[in-house]
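Colleague: sharing a model that was predicted from the sequence below.
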Amino acid sequence: MQDATLFQAMRRISVRTEGRSMRDVSREISAQLGEMGAGEGLLTVFIRHTSASLTIQENADPDVREDLLDALDRLAPADAPYRHSMEGPDDMPAHIKTVLTGPSLQVPVSGGRMLLGTWQGVYVIEHRSRPHSREIVLSFLGTRRD
């Protein structure tokens, strides 16, 4: 019988973005799950920024990601008359896009692997136009892999 003792593990990943983009971080997260010894449980993925966000999205056709970025630009255009503009015209729209898409995700884990669908990946969405270094926190709660 498998030992059902729960354990918690936490890791941080630094991700370099290239400006407005969606960057697949699934491999980096999977590698961290392996290092943690994760078995069965729940992974929380959290980005420590207010102008970048996370999503689970299509990982096969890059046109989907470009269309999503375009849709977010239409929802929060850079040329709207925002009050907050101290960090440039792309900053307030970035905050709005983060509110719409969110700073965290929960992903079930089984056998040490994220239970993503066939065409799903975990993405950092960079809402700013310049490259940035972004920090992601991973928190796993579950059992250890046999």
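Modeller: Looks like it arrived, so ask away. Residues are numbered from 1 along each chain as shown.
Colleague: which residues in this structure form helices?
Modeller: 26-36, 62-75, 91-101 (DSSP state H).
Colleague: nearest to residue 52, of these?
Modeller: Nearest to residue 52 among the helices of the chain is helix 91-101; the distance by CB to CB comes to 6.8 Å. Where C-beta positions appear, they are placed from N, C-alpha and C, glycine not excepted.
Colleague: tell me the buried residues in the closest one?
Modeller: Using 16 or more other CB atoms under 10 Å as the burial criterion, the residues of helix 91-101 that qualify are 91, 92, 93, 94, 95, 96, 97, 98, 101.
Colleague: look up how far residue 35 lies from the closest residue to residue 8 other than its chain neighbours.
Modeller: Excluding the flanking residues, the one nearest residue 8 by CB to CB, 6 or more residues apart in numbering is residue 141, at 5.0 Å. The gap separating residue 141 from residue 35 is 16 Å, by CB to CB, to the nearest Å.
Colleague: residue 13 against residue 25, yeah?
Modeller: Yes. Taking CB atoms under 8 Å as the definition, residue 13 is a contact partner of residue 25 at 6.9 Å.
Colleague: now for these two: what residues contact both?
Modeller: Common neighbours of residue 13 and residue 25 (criterion: CB atoms under 8 Å, 6 or more residues apart in numbering): residue 136.
Colleague: what about these two, which has more around it?
Modeller: Neighbour count, other CB atoms under 10 Å: between residue 13 and residue 25, residue 25 has more, with 21 against 17.
Colleague: mind checking how far the more buried one is from residue 66?
Modeller: Per CB to CB, residue 25 is found 18 Å from residue 66.
Colleague: export the buried residues of helix 91-101 to TSV and tack on distance to residue 125 and pLDDT?
Modeller: Shown next, in TSV, are those (distance: CB to CB, whole Å; pLDDT from 0 to 100):
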residue	distance to residue 125	pLDDT
91	15	95
92	16	97
93	12	97
94	10	97
95	13	97
96	12	97
97	7	98
98	8	97
101	6	97
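Colleague: now, which of those sits nearest residue 51?
Modeller: residue 94 (3.5 Å).
Colleague: where does the prediction get shaky in the protein?
Modeller: 1-3 (pLDDT under 70).
Colleague: do that again at 50, thanks
Modeller: Counting by pLDDT under 50, the chain has low-confidence residues at 1.
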